[in-house]
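*Asks:* quick one, fold the following:
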Amino acid sequence: KSPVFNAMFCGELAEQEHINLPDCEYEGMLEFLRFLYTEKVDLSGIDVMQVLYLAEKYMVPNLTKRCNSFLNLNLDVSNVFSVLEHADFFSNDHLASDCWYFVDKNAKDVLSSAEFLAIERSVLKNVVARDMLNVEEVVLFKAVDCWAVKECERQNLKEEGPVKRLLLGEKIIKKIRFPVMRKEVFTDVVIKSKILTKKEENRIIEYLSSPENAQVDFLTTPRMYMKRSQR
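*Replies:* Predicted coordinates:
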């Protein structure tokens with residue numbers, strides 16, 4: 001069932017009779033071995049990631065499919081980014097696509113979860129770049145701002161607008177579509193965060209007051225979900 005184990009035990013470079021697997025947990029390995037011998041597996045939210053890790057590492061594609069199906073049916077706001085991290089690590093494009101579909105569809109709940117505040121900045125950059133996020137732009141901005149505040153805490157830095165912007169980086173800031181917000185929302189929420197420069201604030205206010213004559217350095221088209229809802 002596993003070409004990797006076959007090589008380890010029976011190949012030309014076979015190792016010793018006993019092989020240590022220090023990166024495996026007992027429950028995950030038990031289900032992995034159960035599948036190898038019986039083609040049955042009892043997955044749960046506790047051990048599925050470990051079983052999937054073993055299935056990927058030891059090249060058992062049928063078990064990988066079982067784990068992917070289980071995760072697809074059991075994705076939620078508390079685990080979607082953890083599953084996505086695993087999918088990216090093993091280049092599991094199908095599972096990663098399922099995760100991003102879940103994020104897009106349930107963006108509001110995902111962005112308010114504790115797990116969102118713990119994601120890496122590279123993942124955050126991919127989130128704000130999503131065109132299909134099912135969430136209002138101001139809600140996305142508030143979540144991004146909360147992530148920046150949490151990152152200030154993690155790095156023991158003073159919570160200030162310029163500091164938060166530095167931690168976020170320009171690629172994330174430029175992907176937030178401030179021009180699609182209502183003027184009063186932009187004033188009450190975004191300006192108070194002090195993440196944008198005065199020049200950026202003034203240009204966006206000008207755009208929100210008279211879009212025909214103003215120029216801004218941010219995307220001015222709504223995300224796709226908003227376009228659909230306006231039809």
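
*Asks:* so where's the chain uncertain?
*Replies:* Across the chain, the ranges flagged by pLDDT under 70 are 13-16, 226-231.

*Asks:* and the residue nearest the centre of it?
*Replies:* residue 81 (4.5 Å; C-alpha atoms, centre = their mean).

*Asks:* residues contacting it?
*Replies:* Applying C-beta atoms under 8 Å, 6 or more residues apart in numbering to residue 81 gives the contacts 99, 115-116, 118-119, 123. In this view, the C-beta of every residue, glycine as well, is placed from N, C-alpha and C.

*Asks:* drop anything exposed from those.
*Replies:* 99, 116, 119 (16 or more other C-beta atoms under 10 Å).

*Asks:* including distance to residue 12 and secondary structure, could those go into a markdown table?
*Replies:* Formatted as a markdown table, the buried ones among the contacts of residue 81 follow (distance: C-beta to C-beta, whole Å; DSSP: H, G, I helix; E, B strand; the rest coil):
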| residue | distance to residue 12 | secondary structure |
| --- | --- | --- |
| 99 | 39 | helix |
| 116 | 48 | helix |
| 119 | 43 | coil |
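
*Asks:* which of these lies closest to residue 212?
*Replies:* residue 116 (36.7 Å; C-beta to C-beta).

*Asks:* so what's the closest one up against?
*Replies:* Counted by C-beta under 8 Å, 6+ apart, residue 116 has contacts 77, 81, 110, 143, 147.

*Asks:* tell me the secondary structure at the first one.
*Replies:* Okay, so that is residue 77. Three-state call for residue 77 (DSSP: H, G, I helix; E, B strand; the rest coil): coil.

*Asks:* got a list of what it touches?
*Replies:* Applying C-beta under 8 Å, 6+ apart, one finds that residue 77 lies in contact with 106, 109-110, 112-113, 115-116.

*Asks:* just give me the longest helix of this protein.
*Replies:* As assigned by DSSP state H, the longest helix anywhere in the chain is helix 137-154.

*Asks:* buried stuff in that one?
*Replies:* 137-138, 140-145, 147-152.

*Asks:* show me what secondary structure element comes after that helix.
*Replies:* helix 161-168 (DSSP states H and E).

*Asks:* chain center to that next one: distance?
*Replies:* Per C-alpha atoms, centre = their mean, to the nearest Å, the displacement of helix 161-168 from the mean C-alpha position of its chain is 20 Å.

*Asks:* residues touching residue 82, list them.
*Replies:* 49, 115.

*Asks:* in TSV: the contacts of residue 81, plus distance to residue 57.
*Replies:* Shown next, in TSV, are those (distance: C-beta to C-beta, whole Å):
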residue	distance to residue 57
99	20
115	24
116	28
118	25
119	24
123	23
